[in-house]
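Participant: generate a structure from the sequence data that follows.
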Amino acid sequence: MPKSNAKTLFITLLMVLSLALQSLPASAGVTLVSPIAPPEVTAKAVYVVDQTTGIPLYSQNPDERLGIGSMVKIMTALVTLKWVEDPDNTRVTITDYDPVDPVYSKMDLQVGDTLTVTQLLYGLMLPSGGDAANALCRYVGGIISGVTEHPSIACESFVGEMNTYAAELGLDNSRFTNPDGRDADNAYSSAQDVYLMTDAMMRNDKLMGIITQNAYQFYSVGPENRLYAADSTLAEYLTNGIIGGKTGSEVKAGANVSAIREVNGGSNKVIIVVMGSDLQYNSVGGIEVDTRWDDVAAINAAMDADFSWQNPSESGVIPGLTTEMMVWDVQFKNPPAIPIPVSGQIAYQMQIGPVVTTGEPAGTLFLYYGDTPVGELPLYQAEIAGQ
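Facilitator: Numbering: from 1, shown residues only. Model (predicted):
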């Protein structure tokens, strides 16, 4: 292509694309349309996204407002670390406000013991301790509100901050009324919102280090020096690439999980949100039927059959792309592997601006599965001969 015509062609391309791209989602990688039909599951809602690239793989009722049980504790952890700067050295003494009824999951906190915020986060996220949720709600809520002598008032402030932070994260279908996820009127979230919460959790090194453990064992830091130990609720399910996540179950909410799976040799991570799977209790309160992990297994099997992860800069991965990028003198910079449908069509559009210095941002590549926009990758100026 003659360089003398480059400016005209750039302007023409931008005019065409400015019309074609008006229908693209404001946030790349987030779409309400399932690009590929998900497998049959018992869950009421499913949302599965390659978190590394932001490309969605499966969705089913992603915006439906449902109870999520203890997955609420993801938001409890996020708010805690927003307000506590030094969790390893911040100490919390357990009061009689914190213990929970024996029917709820707990880390078995003892009144009078002193633990660090980090230790409470382990108890919150691994055995899903409702008592840890209460302790963090009370303590951090006291920081937020300035009221420490009235735990219920402090906790109300904490829950208010949960909803404020949810709005900041773009959780449009979530409302929280407690820090532990007990069934409550007018409390809900959605599969897509849980994905966004999980994504935020994964971007926090402290929380990512916690949720990928299958157990913990430590001593409280007070003079009691009590041993605390527990397994993760995911411990027996950390197989087939699953490295962590958060579970949640309640009578109304059913069985839920946000599981993190490594694929492509660990180079990509996928968030699998399953909500409202079948859950039945026996006469003594034990779980008799729980199909969430059957649903996760079905999704994993479908994922392995439906997608392969490939480098988009390699010739032939996206038909015609490498040639067109050469024509427009643009390139990738260490792009992540992207999920390519084994069957079906992957398409693209390029939005390119004026020529800039070599290596500088030059445009965006928009990806589609068929007609469904699924994500975007940045493009950079390649070296132009003669310049």
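
Participant: do you know how far Leu169 is from Gly123?
Facilitator: With distances taken as Cβ to Cβ, to the nearest Å, Leu169 is found 24 Å from Gly123. Where C-beta positions appear, they are placed from N, C-alpha and C, glycine not excepted.

Participant: between those two, which is the more surrounded one?
Facilitator: Gly123 (27 against 15; other Cβ atoms under 10 Å).

Participant: my read: that one touches Gly129, true?
Facilitator: Yes. Counting by Cβ atoms under 8 Å, Gly129 is a contact partner of Gly123 at 4.1 Å.

Participant: which neighbours do these two have in common?
Facilitator: Taking Cβ atoms under 8 Å, 6 or more residues apart in numbering as the criterion, Gly123 and Gly129 both touch Met107, Leu109, Ala230.

Participant: which other helices and strands contact the longest helix along the chain?
Facilitator: Using DSSP state H to define each element, the chain has its longest helix at helix 151-168. Applying 3 or more Cβ pairs under 8 Å, 6 or more residues apart in numbering; DSSP states H and E, one finds that helix 151-168 contacts helix 73-83, helix 130-145.

Participant: closest one to Gly276 among those helices?
Facilitator: With Cβ to Cβ as the measure, helix 73-83 is the member of the helices and strands packed on helix 151-168 nearest Gly276 (17.1 Å).

Participant: how far is that closest one from where the chain is centred?
Facilitator: 14 Å (Cα atoms, centre = their mean, to the nearest Å).

Participant: check which element follows that helix along the chain.
Facilitator: strand 91-93 (DSSP states H and E).

Participant: off-centre distance for that following strand?
Facilitator: Its chain's C-alpha centre and that of strand 91-93 lie 29 Å apart, by Cα atoms, centre = their mean.

Participant: residues in contact with it: which ones?
Facilitator: Contacts of strand 91-93 (Cβ under 8 Å, 6+ apart): Gly112, Asp113, Thr114, Leu115, Thr116, Val117, Leu120, Ala135, Leu136, Tyr139, Val221, Gly222.

Participant: which one of these is nearest Tyr369?
Facilitator: Checking those against Tyr369 by Cβ to Cβ gives Leu136 as the nearest, at 40.6 Å.

Participant: how far away is that closest one from Ser308?
Facilitator: For Leu136, the distance to Ser308 equals 42 Å [Cβ to Cβ].

Participant: those two: who's more crowded?
Facilitator: Neighbour tally, Leu136 and Ser308, criterion other Cβ under 10 Å: the higher count belongs to Leu136, 31 against 15.

Participant: so what pLDDT did the more buried one get?
Facilitator: pLDDT for Leu136: 98.

Participant: the closest residue to it other than its chain neighbours: how many residues sit nearby?
Facilitator: Distances taken as Cβ to Cβ, 6 or more residues apart in numbering place Thr80 nearest to Leu136, at 5.0 Å, with adjacent residues excluded. Number of residues near Thr80 (other Cβ under 10 Å) recorded here: 29.

Participant: that older thread, save the contacts of strand 91-93 as JSON lines, and put in distance to Leu238 and secondary structure too.
Facilitator: Supplementary listing: the contacts of strand 91-93 in JSON lines, determined by distance: Cβ to Cβ, whole Å; DSSP: H, G, I helix; E, B strand; the rest coil:
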{"residue": "Gly112", "distance to Leu238": "34", "secondary structure": "coil"}
{"residue": "Asp113", "distance to Leu238": "29", "secondary structure": "coil"}
{"residue": "Thr114", "distance to Leu238": "31", "secondary structure": "strand"}
{"residue": "Leu115", "distance to Leu238": "25", "secondary structure": "strand"}
{"residue": "Thr116", "distance to Leu238": "25", "secondary structure": "strand"}
{"residue": "Val117", "distance to Leu238": "25", "secondary structure": "helix"}
{"residue": "Leu120", "distance to Leu238": "23", "secondary structure": "helix"}
{"residue": "Ala135", "distance to Leu238": "27", "secondary structure": "helix"}
{"residue": "Leu136", "distance to Leu238": "25", "secondary structure": "helix"}
{"residue": "Tyr139", "distance to Leu238": "30", "secondary structure": "helix"}
{"residue": "Val221", "distance to Leu238": "28", "secondary structure": "coil"}
{"residue": "Gly222", "distance to Leu238": "32", "secondary structure": "coil"}
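
Participant: alright, that wraps it up for me.
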